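In: Quick one: sequence and predicted model below, then my questions.
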Amino acid sequence: MISYGKQSIDKSDIEAVIDVLKGDWLTQGPAVEIFEDDLKSYFGSKHSCVVANGTAALHLVGIALEWSENDIIITSPLTFLATANSIIYSNATPDFVDVDPKTFTLDPNLLEDKIKQYESAGKKVKAVIGVDFAGHPCDWSSLKTLSRKFEFQLINDNCHAMGSSINSDKQYAVKYADVVTQSYHPVKNITSGEGGAVLTNNRSLDEKIRRYRTHGIEKEESKLKRIGPWYYEMNDVGFNYRCTDFQCALGSNQLKKLDLFVLSRQKISSQYNSLFKNHEMLTIPHVNENIGHSYHLYPLLINFDGINISKRDFFYKMRSEGINLQVHYIPIHLQPYYKKNFGFQFGDFPISEKIYSSEVSLPIYHDLSSKNVNKVANTILKNI
Ligand SMILES: Cc1ncc(COP(=O)(O)O)c(C=O)c1O
């Protein structure tokens, strides 16, 4: 079965993990700090804190930015559940703004309209989480302008876009957003098994996130000297969101190959593009001119209304031919929990709903051979 996403693990990855397993540290050892330093140099952030997964990273961001009840936090409906759920973890109120129909990322004009609606009702938007969907960065320059104008916190859920660039700059994320979250889940552009990180240029935010990563524990040098080397204090409740040393060793080794992985993803997407671009029932991913797309996903739009097969039957047909597609995403406002608790309904975010009705994510990962890319494309063309 060809799946839509998969990790690429080679001998050097295995050796990196084995080296740690043979050493003294399994968790919170030197490999954690090395991975954090590697992330800082690749993504150009002053600080980075590695955590258990991308969801934990988002949770810690909400806590560190002090979201609480009655705070309004806006994100895209077209993202993984974790992005919006992290707002609820802090008891804040999630709301959505629809996406741009070409890039599938937050539409800054709709965002401004929404913020103005809130302001005319005497309410303020506390934060906005942009999602670099599939590897296409948001319009960060416009989002940044809005964040200054309306004074909201700006977060980049960057889980899809490691290795993407704006104006050839792969370090764009921390330049625009106050804080950036990443995930190293196996289908992402690099993996550490489970794993994630929070990147920021804000020192006090990083310090808070580090404390909350380990139960809220603080160790102050002067108190250690005065009271004793065992001493620690807890002033706020935190979590155990740590990542192990062997996962971090894998993360560091994978990061060395990120550019290579992105290159493979770009090659695969070009191959798909050339096979699909002239088909009137298909829309290939759009890429803005100043963008380097890292293709975490290859979202193809199929006009199911114009062809003789439903999306459901198409999926099963592809599966019977050994190809496991995916859909990104069921818009979050349509989830029963969000409808029941926040009153969202079908029709609220029509662009995301339309994308959902026609989007399929095709297999794309470093080890996918050109022969299999052809097989996927030809099986699609045969079945539509
Ligand atoms: C956009 C987005 N945000 C957050 C997450 C959560 O990351 P993790 O699975 O590492 O918790 C994911 C992962 O699927 C994601 O795609």
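Out: That came through fine. Residues are numbered from 1 along each chain as shown.

In: make it CA atoms for all contacts and neighbour counts henceforth
Out: Will do.

In: Might you report the residue contacts of the closest residue to the ligand within the stretch 101-250 of the chain?
Out: Going by C-alpha to the nearest ligand atom, the ligand is nearest to residue 183 of the stretch 101-250 of the chain, at 4.2 Å. By C-alpha atoms under 8 Å, 6 or more residues apart in numbering, the contact list for residue 183 reads 53-55, 158-159, 191, 194-197.

In: Farthest-apart pair in these, please.
Out: Greatest spacing in these, by C-alpha to C-alpha: 158 and 194 (15.8 Å).

In: If you rank the contacts of residue 183 by neighbours, which is first?
Out: In terms of neighbours by other C-alpha atoms under 10 Å, the contacts of residue 183 top out with residue 196 at 29 neighbours.

In: Check which residues of stretch 269-280 are buried.
Out: By neighbour count on 16 or more other C-alpha atoms under 10 Å, the buried set for stretch 269-280 is 269, 272-273, 275-276.

In: Could you pull out the helices in the stretch 51-200 of the chain for me?
Out: Assigned by DSSP state H, counting those that start in this stretch, the stretch 51-200 of the chain shows helices spanning 54-64, 81-89, 108-120, 140-150, 172-176.

In: Same check on the stretch 251-384 of the chain?
Out: All helices of the stretch 251-384 of the chain, identified by DSSP H, counting those that start in this stretch, fall at 258-276, 311-320, 336-342, 350-358, 370-383.

In: okay, now the domains of the chain?
Out: According to automatic domain parsing, the chain comprises the domains 11-255, 258-383.

In: As JSON lines, those domains with mean pLDDT would be great.
Out: Output for these, formatted as JSON lines (pLDDT from 0 to 100):
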{"stretch": "domain 11-255", "mean pLDDT": "98"}
{"stretch": "domain 258-383", "mean pLDDT": "97"}
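
In: so of the ones you listed, which one's packed in deepest?
Out: Of all those, domain 11-255 has the most neighbours on average by mean count of other C-alpha atoms under 10 Å, namely a mean of 20.

In: Show the end-to-end separation of it, please.
Out: Domain 11-255 has an end-to-end distance of 15 Å (C-alpha to C-alpha, to the nearest Å).

In: go on, stretch 70-89?
Out: Note: stretch 70-89 ends 13 Å apart using C-alpha to C-alpha.

In: again, but for stretch 125-145
Out: Stretch 125-145 end-to-end distance (C-alpha to C-alpha) = 15 Å.

In: how distant is it from the center of its chain?
Out: 11 Å (C-alpha atoms, centre = their mean, to the nearest Å).

In: Next: stretch 279-292.
Out: Per C-alpha atoms, centre = their mean, the centroid offset for stretch 279-292 relative to its chain is 20 Å.

In: what sits up against it?
Out: Residues outside stretch 279-292 that contact it (C-alpha under 8 Å, 6+ apart): 102-103, 136-137, 164-168, 273, 276-277, 293, 298-304, 306-307.

In: Next, find the distance separating residue 91 from the ligand.
Out: Look at residue 91 and the ligand: by C-alpha to the nearest ligand atom, to the nearest Å, they are 18 Å apart.

In: What helix or strand is the spatially most distant residue from the centre of the chain located in?
Out: Relative to the C-alpha centroid of the chain, counting by C-alpha atoms, centre = their mean, residue 226 is the outermost residue, at 43.7 Å. Following DSSP states H and E, one finds residue 226 within helix 221-227.

In: Mind listing the strands the next helix or strand after that helix pairs with, and their directions?
Out: Note on helix 221-227: by DSSP H and E, the next helix or strand toward the C-terminus is strand 233-234. In the sheet, strand 233-234 lines up against strand 217-218 (antiparallel) (DSSP bridges).

In: Any idea how far the partner strand is from the middle of the chain?
Out: A distance of 29 Å separates the centroid of the chain from that of strand 217-218, by C-alpha atoms, centre = their mean.

In: ok, and what's touching it?
Out: Residues external to strand 217-218 that are found in contact with it (C-alpha under 8 Å, 6+ apart): 211, 232-236, 238.
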